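Participant: Sequence and predicted structure below; questions after.
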Amino acid sequence: MARTDGPDRPQVERMKARRRLRWTCLAGLACAGALHAQSVQWHGYLDLRVAAVPGERAWSDGGLGKTRFGRGGNVRDVEGVLSGAFQLAPEWLASAELQYRPGREHPVDLLDAWIRYRPVSTTPWRWSLKAGAFFPPVSLENDAVGWASPWTLTPSASNSWIGEEVRTRGVEWRIEHRAPARTLGAVAALYRGNDPTGELLASRGWALDDLVTPWHADVREPDVYASQARSDVPVEYRPFVEIDGRTGWYAGVDYAGIGDNHVSLLRYDNRADPTRYQLYDERKVFAWRTRFWSLAGRMHMGDVVLVAQAMDGSTAFEPRAGLLLDTRFHAGSLLAGWDRGAWRPAVRLDMFSLRQLPGTLAAPLSEHGNAITAALNWRPNAWMRVTGEVLRVDSRRDQRLLEGSSPRRVDLQAQLSLRFEF
């Protein structure tokens with residue numbers, strides 16, 4: 001299929017207005033459902049944070065830094081998440097999550113919103129159907145409210161990327177077979193949107209941060225990428241839009257055993273047409289064909305929890321006929337945490353890499369690196385969590401040569417968080 005010109009700026013603004021109207025209506029329906037729900041549960045947190053940050057400019061400010069904060073010195077930050085679960089009937093559950101982060105165009109924005117139908121089952125078999133906007137079931141580490149981890153402030157490289165660029169808007173079907181000692185499950189979903197997913201990963205590389213992108217937020221790319229994108233600084237786009245009218249899918253299987261031991265395997269494919277694009281701020285934002293495998297596992301060994309994840313995939317677009325720019329990416333992590341008492345330390349090792357093809361391109365966007373995250377959590381009660389975390393990222397990204405700096409960089413970030421949970 002040949003590429004087509006996308007909408008002009010007024011059309012883009014009208015599309016934004018329609019999206020905001022849809023989400024406003026969805027939020028209104030959720031509130032109306034809450035008034036008639038059989039039960040309502042509220043969860044969330046308010047996070048107050050200080051950090052000593054590396055000198056390299058953070059990617060969210062247009063740099064090539066691998067951590068959430070950059071430019072050196074100390075920073076203070078505040079954010080929050082509110083999650084509501086509304087049991088409308090025994091078979092019906094609605095859920096929505098809002099994120100608060102000051103300083104953005106929309107300080108309060110939607111992370112996900114969905115409704116699930118799961119009929120009451122009297123047999124070992126149980127099935128459900130979910131519709132709305134939600135995270136794909138990729139992670140066994142980031143399973144808390146707001147795509148957060150109970151172990152560290154900073155997610156693994158793969159889960160950081162999922163929070164930044166991956167969200168599905170569609171329907172998900174799940175079936176389970178339950179037994180006394182284990183549960184076997186399978187999941188499949190069809191969705192729209194997520195067509196630009198992969199652009200940030202290719203243009204910036206991997207990063208480790210807890211910057212979860214809400215639905216109406218722009219994602220910023222490195223300023224040094226502007227010449228390649230034929231754009232002015234800042235280079236921005238929205239990752240959850242539909243460009244080519246094609247339906248993506250994911251499917252997977254999982255096993256849950258005694259003691260919360262768990263293994264899951266997922267295949268994700270957005271089926272994007274890499275030749276199609278739309279205009280955003282007078283720049284062509286392409287649909288990136290993004291596919292990956294994700295394998296995750298969680299195991300309890302007494303009071304020690306091990307959480308592992310591996311991801312392997314590719315993302316590609318075709319800016320002109322016959323020139324397919326393909327980025328192969330790989331990431332893996334292993335976390336060990338102490339799961340008893342008020343003091344709960346955790347340490348995680350990350351390995352990551354990506355390779356841009358064809359290798360004859362002048363712009364050097366390939367990279368490889370590793371990271372070590374060490375966190376100490378203090379939970380004196382159910383509503384407060386104090387976390388100290390040190391993150392060290394050692395990476396070599398050839399793109400830094402375009403900024404006139406060394407391709408290898410070691411970023412060191414320390415954070416202290418006071419989180420009120422409910």
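Facilitator: Cool, got the structure. Residues are numbered from 1 along each chain as shown.
Participant: Contacts only, for A346.
Facilitator: W151, T152, L335, A336, G337, W338, T373, A374, A375, L376, N377 (C-beta atoms under 8 Å, 6 or more residues apart in numbering). Where you see a C-beta, it was placed from the backbone N, CA and C, and this is true even at glycine.
Participant: Quickly note the distance from it to L153.
Facilitator: 10 Å (C-beta to C-beta, to the nearest Å).
Participant: any common contacting residues for those two?
Facilitator: A375.
Participant: Can you show me the helices along the chain?
Facilitator: Secondary structure of the chain (DSSP state H): helices located at 9-35, 157-165, 199-204, 226-229.
Participant: can you give me how far stretch 360-370 is from the chain middle?
Facilitator: Put simply, stretch 360-370 sits 23 Å off its chain's centre (C-alpha atoms, centre = their mean, to the nearest Å).
Participant: So the closest residue to L46 other than its chain neighbours versus R101, what's the distance?
Facilitator: Distances taken as C-beta to C-beta, 6 or more residues apart in numbering place G80 nearest to L46, at 4.4 Å, with adjacent residues excluded. To R101, G80 is 8 Å away according to C-beta to C-beta.
Participant: Put the alpha carbons of stretch 290-306 into PDB.
Facilitator: Output of stretch 290-306 as PDB, limited to C-alpha atoms (Å, rounded to 0.1, in the frame of the first residue of the first chain):
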ATOM      1  CA  THR A 290       6.500  -3.500  15.900                       C
ATOM      2  CA  ARG A 291       6.600  -7.100  16.900                       C
ATOM      3  CA  PHE A 292       8.100  -8.800  20.000                       C
ATOM      4  CA  TRP A 293       8.100 -11.900  22.200                       C
ATOM      5  CA  SER A 294       8.000 -11.400  25.900                       C
ATOM      6  CA  LEU A 295       8.800 -14.200  28.400                       C
ATOM      7  CA  ALA A 296       8.400 -13.500  32.100                       C
ATOM      8  CA  GLY A 297       8.700 -15.600  35.300                       C
ATOM      9  CA  ARG A 298       8.300 -15.100  39.000                       C
ATOM     10  CA  MET A 299       9.400 -17.700  41.700                       C
ATOM     11  CA  HIS A 300       9.300 -17.700  45.500                       C
ATOM     12  CA  MET A 301      12.200 -19.300  47.300                       C
ATOM     13  CA  GLY A 302      11.200 -19.000  51.000                       C
ATOM     14  CA  ASP A 303      11.300 -15.200  51.700                       C
ATOM     15  CA  VAL A 304      13.200 -14.400  48.500                       C
ATOM     16  CA  VAL A 305      11.300 -13.500  45.300                       C
ATOM     17  CA  LEU A 306      12.900 -13.800  41.800                       C
END
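Participant: what's in contact with that stretch?
Facilitator: 138-141, 158, 194, 197-198, 252, 259-270, 272, 307-315, 329, 334-340.
Participant: buried stuff in that stretch?
Facilitator: Residues of stretch 290-306 classed as buried by neighbour count (16 or more other C-beta atoms under 10 Å): T290, R291, F292, S294, L295, A296, G297, R298, V305.
Participant: Beta-bridge partners for the first one, please?
Facilitator: When assigned by DSSP bridges, T290 has beta-bridge partners T315.
Participant: Contacts only, for the most centrally placed residue in the chain.
Facilitator: For the chain, the residue nearest the mean C-alpha position is G163 (1.4 Å; C-alpha atoms, centre = their mean). Residues in contact with G163 (C-beta under 8 Å, 6+ apart) are N142, W147, P155, D210, L211, V212, T213.
Participant: L93: which of the residues you listed is nearest?
Facilitator: W147 (18.9 Å; C-beta to C-beta).
Participant: right, and that closest one touches F135 too?
Facilitator: Yes. Between W147 and F135 there is a contact under C-beta atoms under 8 Å: 6.2 Å.
Participant: who touches both of those two?
Facilitator: Joint contacts of W147 and F135 (C-beta under 8 Å, 6+ apart) are I162.
Participant: Looking at the two, which is more packed in?
Facilitator: Each of W147 and F135 has its neighbours counted (other C-beta atoms under 10 Å); W147 has more, 24 against 20.
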